[in-house]
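Q: Structure here, sequence nowhere to be found:
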């Protein structure tokens, strides 16, 4: 069975600080990896995704993530956060087993950016 | 265009009562998913529908939970004899087909069992 671990549950940063949110997954086969974001009062929306190819993927709003297969990691980064990045961030994995269309999510990281 | 919609947005019910939660996916999307988000938990997969195929029910936590999808569009998640531990936000998502990587989420239904 696949699983996802997000080690940081709550992160508080000042504006312009750099961000890195950890995500590790457990699955032995081919995976698709995702970061979703939920801004206060809004729906979950896709931030970025990895399928194959270049392990460094770029998403919306200046976010990027790096897939490191040997470490089973897909950490999210942003060089300089803004107050508007305050949100909850979820890492998710989709493994390619029979019926593997479901996403397995981590428990989420609540990010608060202070002015 | 219109996104995934869910109703009701909030539902408060007494322990032991049945509830029905509705999801309207994006028009034309053949894949539909239900997830549950409990306090302090991630999103937990419940059930997946793809076209006319048999649904993947592997995430349903007990036989009190069931879901159907009529006409390949609207879906209803039913929880019978609700328990307090059923309190959560129930999220619906849809995607164009089983091969699409992105799932589009609705706003969720917040269920509170008293």
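A: That came through fine. Computed from a prediction, not measured in an experiment: that's the story for all the values here.
Q: what's the nearest residue to residue B:37 if we skip its chain neighbours?
A: The shortest distance from residue B:37 to any non-neighbouring residue, by C-beta to C-beta, 6 or more residues apart in numbering or on different chains, is to residue B:89 (4.4 Å). Where you see a C-beta, it was placed from the backbone N, CA and C, and this is true even at glycine.
Q: wait, doesn't that neighbour sit right on residue B:107?
A: No: counting by C-beta atoms under 8 Å, residue B:89 stays clear of residue B:107, with 9.2 Å between them.
Q: quick one, what contacts the residue nearest to residue B:37?
A: B:36, B:37, B:38, B:108, B:109, B:110, B:111 (C-beta atoms under 8 Å, 6 or more residues apart in numbering or on different chains).
Q: what does chain A put close to chain B?
A: A:4, A:6, A:32, A:34, A:36, A:43-46, A:49, A:51, A:90, A:92, A:94, A:99, A:101-108 (C-beta under 8 Å from any C-beta of the partner chain).
Q: just the buried members of those?
A: Buried subset of these (neighbour count, 16 or more other C-beta atoms under 10 Å in any protein chain shown): A:4, A:6, A:32, A:34, A:36, A:43-44, A:46, A:49, A:90, A:92, A:94, A:101-108.
Q: Touching, residue A:51 and residue B:102? I think so.
A: No: counting by C-beta under 8 Å, residue A:51 does not reach residue B:102; the two are 10.8 Å apart.
Q: now the residue positioned nearest the centre of chain B: how far from chain A?
A: Centroid-nearest residue in chain B, with C-alpha atoms, centre = their mean: residue B:34, separated by 3.3 Å. The gap separating residue B:34 from chain A is 10 Å, by C-beta to the nearest C-beta, to the nearest Å.
Q: That residue should be in a strand, yeah?
A: Yes: under DSSP: H, G, I helix; E, B strand; the rest coil, residue B:34 sits within a strand.
Q: Give me the spatial nearest neighbour of it, chain neighbours excluded.
A: Nearest one to residue B:34, counting by C-beta to C-beta, 6+ apart, is residue B:46 at 4.2 Å.
Q: for the helix or strand harbouring the one you found, packing partners?
A: Element membership for residue B:46, per DSSP states H and E: strand B:43-50. Identification of packing neighbours for strand B:43-50 by 3 or more C-beta pairs under 8 Å, 6 or more residues apart in numbering or on different chains; DSSP states H and E yields strand A:104-105, strand B:31-37, strand B:65-69, strand B:75-79.
Q: If we use 10 Å, what do you get?
A: If contacts are counted by 3 or more C-beta pairs under 10 Å, 6 or more residues apart in numbering or on different chains; DSSP states H and E, strand B:43-50 sits against strand A:104-105, strand B:31-37, strand B:65-69, strand B:75-79, strand B:88-95.
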